[in-house]
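Enquirer: Predicted structure and sequence below. I'll ask about it afterward.
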Amino acid sequence: MRTIKIGRSEIEASVVGMGAWAIGGDSQWGTSDDAESIRAIHRARDLGITLIDTAPAYGLGHSEEVVGKALAGRRGDYVLSTKCGLRWDVKEGSLKMERDGVRILINTRPERITEEIEISLKRLATDYIDIYIVHWPELPDFPTPIADTMGALTRLKERGKIRAIGASNLSDAQFLEYARAGQLDLIQEKYSLLDRGAGDRLFGPCARHGVTFQAYSPLERGILSGRIKDPSQVQMGTARAQVKWFQPENLAKIAALAGQWAPLCEKYGCTMAQLVIGWTAAQGSGGNVNVLCGARKPRQVEENAKGGDILLDAADIAAMRKDAEAIA
Ligand SMILES: NC(=O)c1ccc[n+]([C@@H]2O[C@H](COP(=O)([O-])OP(=O)(O)OC[C@H]3O[C@@H](n4cnc5c(N)ncnc54)[C@H](OP(=O)(O)O)[C@@H]3O)[C@@H](O)[C@H]2O)c1
């Protein structure tokens, strides 16, 4: 598995990461089997996937707890990222969402972050986080200056609680504010062949500021594996229900892409998911894109890990983009 340096930090991580959102197993993804999730996390490491990403909000603490159990006794083998700023245990903040009857608020005030990291460290059963990511930017009704949030994160880094700072779901202006306020090493953004907007906006600024672009939902929640012919094949949950490609009228478009790319899969000796992961890793500039694939089953990490080894010719990369642009 190829590795990439995370921003200007000392961290070297696998080019393909493993996302633990579905491992949280709430109504967003449907029930997860914790023992299987732990096996998947271990299998990922066997195959060279060192980076694992979770967040307090994934299953309201459950994903962090499962990741903590999986990493027990092997913490040093992984690059662990988790997030801050989405709270269901405080009264102040802007409403981000209501899930399973629980109100989740955005709050990135310095004192809240200093408090929140201790809760995550406990759930993760560790004493440091490699990459600590602000999950969502503040909303206007409860604003915190980005410089203040960045100040709190920088102090955590100085105290050895975290090794690198990340932010997620940013506008162009927010990216620049973070980059000016301290050492931003990674941004985590939704990016796939079928949803290229964040890359078009932020690949340039990432290259200029030495920031790693981490692409989340690169498989569009599994549909870009080309294997889901019918939504009844998977647990839909609210996470998948939000993705338009799962709607019946769009499934045929994905099936058509799978047909168009079958010769490429043959050429590279890979599956469609691996082809898509290889394409995603080839974006950006100078190898600064990390591909964060969600998974909760060993066979998924086995497939996704191999995607990190696929090196596509420039002409094939361009042709795939053109095919994707024809439908999205
Ligand atoms: N910062 C943010 O706001 C944010 C938002 C979303 C995601 N993320 C992070 O990014 C990670 C990845 O994003 P994502 O989970 O939304 O989407 P994704 O990586 O596109 O899809 C993940 C889901 O697709 C299925 N899958 C995985 N590998 C597969 C394969 N090879 N073949 C078929 N199906 C496969 C699994 O679902 P089943 O287990 O149901 O089969 C898996 O949970 C998350 O886990 C999370 O860590 C961050």
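Expert: Alright, I've got the coordinates.
Enquirer: distance between the helix-or-strand element of the chain with minimal mean pLDDT and the chain's centre?
Expert: Among the helical and strand segments of the chain, the one scoring lowest on mean pLDDT, DSSP states H and E is helix 237-241, with a mean of 90. On the basis of Cα atoms, centre = their mean, to the nearest Å, helix 237-241 sits 16 Å off its chain's mean C-alpha point.
Enquirer: buried sites along it?
Expert: Under the neighbour-count criterion of 16 or more other Cβ atoms under 10 Å, helix 237-241 has 237, 239-240 buried. (Glycine included, C-beta is placed from N, CA and C.)
Enquirer: now swap in stretch 46-62 and tell me
Expert: For stretch 46-62, burial by neighbour count (16+ other Cβ under 10 Å) applies to 47-62.
Enquirer: before we move on, what about stretch 317-326?
Expert: Neighbour counts over stretch 317-326 (16+ other Cβ under 10 Å) mark 320, 324 as buried.
Enquirer: Equivalent analysis for stretch 139-157, please.
Expert: For stretch 139-157, burial by neighbour count (16+ other Cβ under 10 Å) applies to 144, 146, 148-150, 152-153, 156-157.
Enquirer: wait, Leu71 sits on Arg123?
Expert: No: look at Leu71 against Arg123 with Cβ atoms under 8 Å: they stay out of range, at 11.3 Å.
Enquirer: Distance of the residue nearest to the spatial centre of the chain relative to Arg227?
Expert: Closest residue to the average C-alpha location of the chain: Tyr216 at 3.9 Å, with Cα atoms, centre = their mean. Look at Tyr216 and Arg227: by Cβ to Cβ, to the nearest Å, they are 20 Å apart.
Enquirer: Next: Lys267.
Expert: Lys267 sits at a distance of 20 Å from Arg227 (criterion: Cβ to Cβ).
Enquirer: do Glu189 as well
Expert: From Glu189 across to Arg227, the span is 25 Å (Cβ to Cβ).
Enquirer: Check Asp200 too.
Expert: Distance, Asp200 to Arg227, by Cβ to Cβ: 28 Å.
Enquirer: With Pro110 instead?
Expert: Taking Cβ to Cβ as the measure, Pro110 falls 45 Å from Arg227.
Enquirer: Could you do Gly24 as well?
Expert: As judged by Cβ to Cβ, Gly24 and Arg227 stand 23 Å apart.
Enquirer: neighbour count winner among the two?
Expert: Legend: neighbour count by other Cβ atoms under 10 Å for Gly24 and Arg227, higher for Gly24 (26 against 15).
Enquirer: Backbone torsions only: list them for that one.
Expert: The phi/psi pair for Gly24 (degrees, to the nearest 10) reads phi -60, psi -30.
Enquirer: Thanks a lot, see you next time.
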